[in-house]
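*Asks:* kindly generate the corresponding structure for this input.
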Amino acid sequence: FNAPKGIFLGVENVEKAKKMKGIVDLGFNLKSGTQVDVIDHGANRPGFVVATGENRNDAILNAESAVSELIFKME
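*Replies:* Below you'll find the predicted structure:
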């Protein structure tokens, strides 16, 4: 998933997102004060979601639902 451009200050609802249906793991890599720009490769992503579901599309929807709960605090 992506974070908005700007200076990252924090994120809310990580624990809530981790407890959602189909979420196996959700991790976050950004530290406060990090400048977020265009993601040009996977190592620049702010975090990850591992999700399951009845099928591939269901797993994708579960992951997207979890990410939609995240509230990024940006400057």
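*Asks:* in terms of secondary structure, what does the longest helix along the chain contact?
*Replies:* Of all the segments of type helix in the chain, defined by DSSP state H, the longest one is helix 56-69. When contacts are defined as 3 or more C-beta pairs under 8 Å, 6 or more residues apart in numbering; DSSP states H and E, helix 56-69 packs onto helix 14-18, strand 23-28, strand 47-51. The way it works is simple: take the backbone N, C-alpha and C, and place the C-beta from them, glycine included.
*Asks:* most tightly surrounded among the ones you listed?
*Replies:* Using mean count of other C-beta atoms under 10 Å, the stretch among these with the greatest mean number of neighbours is strand 47-51 (a mean of 17).
*Asks:* alpha carbons only: can I get that strand in CSV?
*Replies:* Coordinates of the C-alpha atoms in strand 47-51 are reproduced here as CSV (Å, rounded to 0.1, in the frame of the first residue of the first chain):
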residue,chain,number,x,y,z
GLY,A,47,4.3,-1.3,5.0
PHE,A,48,2.6,-4.6,4.1
VAL,A,49,-0.6,-6.5,4.5
VAL,A,50,-0.9,-10.3,4.4
ALA,A,51,-4.5,-11.4,3.9
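*Asks:* residues in contact with that strand?
*Replies:* Counting by C-beta atoms under 8 Å, 6 or more residues apart in numbering, the neighbours of strand 47-51 from elsewhere in the structure are 1, 17, 22-30, 59-60, 62-63, 66-67.
*Asks:* select the helix or strand of this protein having the lowest average pLDDT value.
*Replies:* Taking mean pLDDT, DSSP states H and E as the measure, the chain has strand 35-36 as its least confident helix or strand, at a mean of 90.
*Asks:* chain center to that strand: distance?
*Replies:* Counting by C-alpha atoms, centre = their mean, to the nearest Å, strand 35-36 is centred 15 Å from the centre of its parent chain.
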